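In: coordinates only, no sequence provided:
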């Protein structure tokens, strides 16, 4: 969480530049996944590498019903995916390290252990975890060329295990990997409890009878169904990902392979990836795949000339919205600051809600003594005045400080709560009717929970000048987020609403991305009615505003003003669309 806090400080600095034109917003970050200091990364990724079949031999094949009817039907199919070279072993090394390490055949390399950067070492250096699971590997850390339990039958082959080539007991020195990361497939979990304790990233290598090398397509398809389907089902509701790909095709010059992604935040469909392909018409390859994984986890790159020169795949990954943070002038009665959020998913989520005032600077008169209330429907779940003391009178200082992000001023407020899925609101007000500029913030602390913040909204009073309503959203790493941002006034069911709200969407540097006055008409003058109505949540009133956008990972602010400098109560909200 220290990384989140320091990044928040950086965003505050960047936003202050924009504040000269609009207002100063304290943007808060929410980290969803606890595996490392990465915003919006999957809890677990499993990559299964199959063997020696072209795209057309797999996709559409009657011999691969599981791959076609389950994996491809429910996942993202990359229809222009290619291996790098022939034969097998160099492709495994390309995918794992961004280079074939001078290996051009399938014989065991002579100059091992390699000391070059690799995916496993990058993950471990980031504080994440990695394991490779090889079917028929006879023991942990085995370095032999092959192993079989059936005489005359090929099973485990070292050439299909890239990680073993960096294995050494002096790890992590020289990018080496400990023998413990080299596991037999019998160690791969088979239950929901086991899946939840898996490494951040795992590679699964079936033996040569089951990876379609010696066995048939039908045998490989059955193996995937029997051994990987349980994880796929679990991943679909637990912020995790399954990737099934092939090392190379059937030795043709084209070398086109099938690559399929499945997971909770994976958008199903067929993808050409023309926007990120290595060159016009050439599609993506193993280096793009490696770059995508590096991008998801913020790892840097293995090789500047290969994966470092590729673009990551982002469009098939639905990045979550990670933040609710809103700055406004807090008044009284209906003009206090009210933040709403929805927790979706099967699990509960621990959150920290903060009410900030005295520590703000450069924003005029701040809220001198903020108070917080947390509600679900008509039920008040918690209240707080000064953050070190709980609403029951006992101390909560140690618990709040353990999050590493306590408020900086003793008069500010904080609520620490574990919430089940549902709709919630947090109310920021001034003690004894105090008024001034305040910020309400939400941090997600249970970062591996199978739950997410699906919708964020804040209601407040829109004044003029710097005292407009500003909401901050963060799009998580690794993908893109399709969002609709709405500014409501006339339809808000309280007295004194903003008659005609306008809306601006800015990126983290303050650059204006889009603006809108009345939601049916684009800022450029054309109609956007059909696009807004397609979201199924158009604003109820024609004078209200809306922006639909696809946003890459980053920090954004939504600013609500009154047309013609009008004032009144308004609501700013963001929804993550499919």
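Out: Nice, thanks for sending it over. The shown structure was predicted, so the numbers you read here are calculated from the model rather than taken from an experiment.

In: ok, now which ones touch residue 257?
Out: 53-55, 81-83, 245-249 (CB atoms under 8 Å, 6 or more residues apart in numbering). Where C-beta positions appear, they are placed from N, C-alpha and C, glycine not excepted.

In: equivalent analysis for residue 172, please.
Out: Residue 172 is in contact with 121, 124-125, counting by CB under 8 Å, 6+ apart.

In: can you tell me which of the contacts of residue 257 are in helices?
Out: Under the assignment DSSP state H, those contribute residue 55 to helices.

In: so residue 225 lies in a strand, does it not?
Out: No. The assignment for residue 225, made by DSSP: H, G, I helix; E, B strand; the rest coil, is helix rather than a strand.

In: look up how far residue 231 lies from it.
Out: The gap separating residue 225 from residue 231 is 12 Å, by CB to CB, to the nearest Å.

In: what about those two, which has more around it?
Out: residue 231 (25 against 17; other CB atoms under 10 Å).

In: check which helix or strand covers that one.
Out: Assigning secondary structure by DSSP states H and E places residue 231 in helix 229-235.

In: check residue 183 too.
Out: strand 182-184.

In: what do you get for residue 292?
Out: Per DSSP H and E: residue 292 is located in helix 286-297.

In: can you name the next helix or strand after the strand holding residue 183?
Out: Past strand 182-184, the next helix or strand by DSSP H and E is helix 192-196.

In: buried sites along that following helix?
Out: Under the neighbour-count criterion of 16 or more other CB atoms under 10 Å, helix 192-196 has residue 195 buried.

In: chain center to that helix: distance?
Out: In terms of CA atoms, centre = their mean, to the nearest Å, the centre of helix 192-196 is found 20 Å from the chain centre.

In: pull the number of nearby residues for residue 92.
Out: 23.

In: actually residue 434, not the one I wrote
Out: Residue 434: 18 neighbours (other CB under 10 Å).

In: which element is residue 95 on?
Out: For residue 95, the element it lies in under DSSP H and E is helix 88-97.

In: quick one: that helix to helix 286-297, angle?
Out: Relative orientation of helix 88-97 and helix 286-297, computed by axes from the mean of the first three to the mean of the last three CA atoms, to 10 degrees: 30 degrees.

In: which element is encountered next along the chain beyond helix 88-97?
Out: Once helix 88-97 ends, the next helix or strand along the chain (criterion: DSSP H and E) is helix 119-125.

In: who touches that next one?
Out: So helix 119-125 is in contact with 96-97, 129-130, 132, 163, 166, 171-172, 175-177, 181, 200-201, 290, 293-294, 297, 299-300, 302, going by CB under 8 Å, 6+ apart.

In: relative to the whole chain's centre, how far out is that helix?
Out: In this view, helix 119-125 has its centroid 19 Å away from the chain centroid, taken as CA atoms, centre = their mean.

In: now it: buried residues?
Out: Buried residues in helix 119-125, defined by neighbour count with 16+ other CB under 10 Å: 119-124.

In: tabulate the residues you listed (JSON lines), appending distance to residue 520.
Out: Output for these, formatted as JSON lines (distance: CB to CB, whole Å):
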{"residue": "119", "distance to residue 520": "48"}
{"residue": "120", "distance to residue 520": "52"}
{"residue": "121", "distance to residue 520": "53"}
{"residue": "122", "distance to residue 520": "48"}
{"residue": "123", "distance to residue 520": "48"}
{"residue": "124", "distance to residue 520": "52"}
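
In: nearest to residue 573 among those residues?
Out: Of all the buried residues of helix 119-125, residue 123 has the smallest distance to residue 573: 36.3 Å, by CB to CB.

In: do you know how far the closest residue to that closest one other than its chain neighbours is from residue 183?
Out: Ranked by CB to CB, 6 or more residues apart in numbering and with sequence neighbours excluded, the top spatial neighbour of residue 123 is residue 130, at 4.5 Å. Per CB to CB, residue 130 is found 11 Å from residue 183.
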